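In: Next comes the sequence, and after it the predicted model I'd like to discuss.
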Amino acid sequence: MKHILSLDLKFDIHSVKLLPTGITNQNYLVNNQFVLKVRQPESDPFFSYAQERTIADIFYCHDLSPKYLMYNQQFHYSLSQFLPASHKGHGPLYANKEIIQIAELITTYQSFASPLLKPFNLEERYNFYRSKCANDFPLVIDEEKIIAEYNQTIDKSHLVLSHNDLVKNNFLFKGAKLYIIDFEFAGLNDSMFDDASFITENHLSPGARKALSSNSLL
């Protein structure tokens, strides 16, 4: 609480509640109105507040995300509107209709015209995360071969707007409406990356994958 009070939020703080937290952030519900996301400095050398805000504004303008109100690079935090909605972070698996809704959302935002954004560089990120692992950390699969094949096949002239982190907590369901949040990894990427991200991050069953067959995924 003292740490939050030290931030220049430009309004009085009446209540603070800790929210589910990601690897790189601490999240707080402030005054039951705002979500305060405080980043760990140096947690990701590829992160850009300017790019995150640009992408968040694109999604908000299309009514696909809450409004992001404030970014402070000096104190490593952002502030957004709190959207009372439900997510699947600790709930049951997706229903087929929700999977199709997510597939349609991905197709929608990949069609948006994108400004000059930094592409998501898989090789750079792999090398950075690998450098943080113990030297004796075993390779489960041939990651370097996969990355080399990825670099050979990706068409960098046809990259699309991608979220790049489609875990359960980043989808918010409010009635029949679906929103998406947290754009710290977002940028330009191959159109198949978000498809694969959604499938693998959410451990979709064969039946759930079948529900996608008539949509953009698979």
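Out: Great, that's in hand. In this text the structure is predicted, and so the values were computed from the model without any measurement. Residues are numbered from 1 along each chain as shown.
In: can you map out the helices along the protein?
Out: Using DSSP state H, the helices of the chain run over residues 2-5, 49-61, 96-110, 122-131, 143-153, 191-201, 206-210.
In: What mean pLDDT does the fifth one get?
Out: Helix 143-153 carries an average pLDDT of 82.
In: on that earlier part again, could the helices of the chain go into JSON lines alongside mean neighbour count?
Out: Where you see a C-beta, it was placed from the backbone N, CA and C, and this is true even at glycine. Formatted as JSON lines, the helices of the chain follow (neighbours: other Cβ atoms under 10 Å):
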{"stretch": "helix 2-5", "mean neighbour count": "10"}
{"stretch": "helix 49-61", "mean neighbour count": "18"}
{"stretch": "helix 96-110", "mean neighbour count": "17"}
{"stretch": "helix 122-131", "mean neighbour count": "13"}
{"stretch": "helix 143-153", "mean neighbour count": "12"}
{"stretch": "helix 191-201", "mean neighbour count": "18"}
{"stretch": "helix 206-210", "mean neighbour count": "12"}
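In: between those, which one is nearest to residue 18?
Out: The stretch from those with the least distance to residue 18 (Cβ to Cβ) is helix 2-5; that distance is 10.4 Å.
In: rewinding a little: which stretch in the helices of the chain is the model least sure about?
Out: Of all the helices of the chain, helix 2-5 has the smallest average pLDDT, which comes to a mean of 60.
In: domains of this structure?
Out: 16-81, 96-210 (automatic domain parsing).
In: Could you dump the ones you listed into a markdown table and include distance to residue 10?
Out: Compiled in a markdown table, these are given as follows (distance: least, Cβ to Cβ, whole Å):
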| stretch | distance to residue 10 |
| --- | --- |
| domain 16-81 | 8 |
| domain 96-210 | 22 |
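In: Tell me the gap between stretch 73-85 and the middle of its chain.
Out: 14 Å (Cα atoms, centre = their mean, to the nearest Å).
In: i'd like the first residue to be 8 from this point on
Out: Got it, first residue is 8 now, which makes that one stretch 80-92.
In: Identify all contacting residues around it.
Out: 14-16, 36-37, 39-48, 56, 59-60, 63, 73-79, 179-181, 186, 188 (Cβ atoms under 8 Å, 6 or more residues apart in numbering).
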